[in-house]
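Participant: Give me a 3D structure for the following:
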Amino acid sequence: MAKIRDIAARYSPSAEGAVAVSGGASRLDRALEWFGYSETYARSAECLSRQGHEQFLPWQQLAGRALECAVRGCLESVGFNTQAPQDLVSLFEQAESLGFYLREGDLVMIVLVSHGYPEPKTSTPFVPVNPRQFGVITQYSHPPSLKLNRALRDLRRQALLRLGTSEAEA
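Facilitator: Presented below is the predicted three-dimensional model:
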């Protein structure tokens, strides 16, 4: 066995257990875990958006991951299997079929971000499918993270309302 495989065998199982919420956690806890991941990616994307156009591709990857995690949080809030596809458009389509919604401008952002976010058929991160300039995404707001953060807040609020928690107003 290669040395790297030996190390991976020792560390991977413990890392997986440390990150995931236990199977017995409530839907609220599992949804909040997804939204926590979403906020972490969104904060990183926001830092990159301040650096200018040359940071667009990493911003697009982080924004896509933030959106994916937020939508998975929504799906988790209604008890839907979160093993849904990674394609952002298909993923949001599932959430939309369950009653989640966003403004049209936010849906446009999801579509544009999805052009550079990994899709199941490639599953190769950091390779743009069809890279866009910052200006395409920021035609309605600048920096792009303002629009991203609004969409993420809207999704979190909707999910928490469905779970009947007072945290939805926070």
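
Participant: From now on I want contacts and neighbour counts done on CA atoms only, so please keep to that.
Facilitator: Noted.

Participant: Might one say that residue 71 is in contact with residue 93?
Facilitator: No. Counting by C-alpha atoms under 8 Å, residue 93 is not a contact partner of residue 71; they are 9.8 Å apart.

Participant: which one of these two has more residues nearby?
Facilitator: residue 71 (29 against 15; other C-alpha atoms under 10 Å).

Participant: Buried ones in the helix or strand containing the more buried one, by neighbour count?
Facilitator: For residue 71, the host element (DSSP states H and E) is helix 56-77. If you call a residue buried by 16 or more other C-alpha atoms under 10 Å, then helix 56-77 has these buried ones: 56-77.

Participant: cool, and stretch 95-107?
Facilitator: 95, 100-102, 106.

Participant: on that earlier part again, next structured bit after the helix holding residue 71?
Facilitator: According to DSSP H and E, the helix or strand after helix 56-77 is helix 88-97.

Participant: What average pLDDT does that next one get?
Facilitator: Regarding helix 88-97, the rounded mean pLDDT is 91.

Participant: do the same with stretch 54-64
Facilitator: 83.

Participant: Just the CA coordinates for it, please, in PDB.
Facilitator: Below are the C-alpha coordinates for stretch 54-64, written out as PDB (Å, rounded to 0.1, in the frame of the first residue of the first chain):
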ATOM      1  CA  GLU A  54      -9.000  38.500 -11.400                       C
ATOM      2  CA  GLN A  55     -10.600  36.600  -8.500                       C
ATOM      3  CA  PHE A  56     -13.800  35.800 -10.400                       C
ATOM      4  CA  LEU A  57     -13.300  32.000 -10.900                       C
ATOM      5  CA  PRO A  58     -12.600  31.300  -7.200                       C
ATOM      6  CA  TRP A  59     -15.500  33.500  -6.200                       C
ATOM      7  CA  GLN A  60     -17.700  31.600  -8.600                       C
ATOM      8  CA  GLN A  61     -16.700  28.300  -7.000                       C
ATOM      9  CA  LEU A  62     -17.300  29.500  -3.500                       C
ATOM     10  CA  ALA A  63     -20.600  31.200  -4.400                       C
ATOM     11  CA  GLY A  64     -21.700  28.000  -6.000                       C
END
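
Participant: For this structure, name the helix or strand with the lowest mean pLDDT.
Facilitator: Every helix and strand of the chain was ranked by mean pLDDT, DSSP states H and E. The lowest is helix 134-137, at a mean of 46.

Participant: pretty sure residue 74 is touching residue 153, no?
Facilitator: No. Counting by C-alpha under 8 Å, residue 74 does not reach residue 153; the two are 11.3 Å apart.
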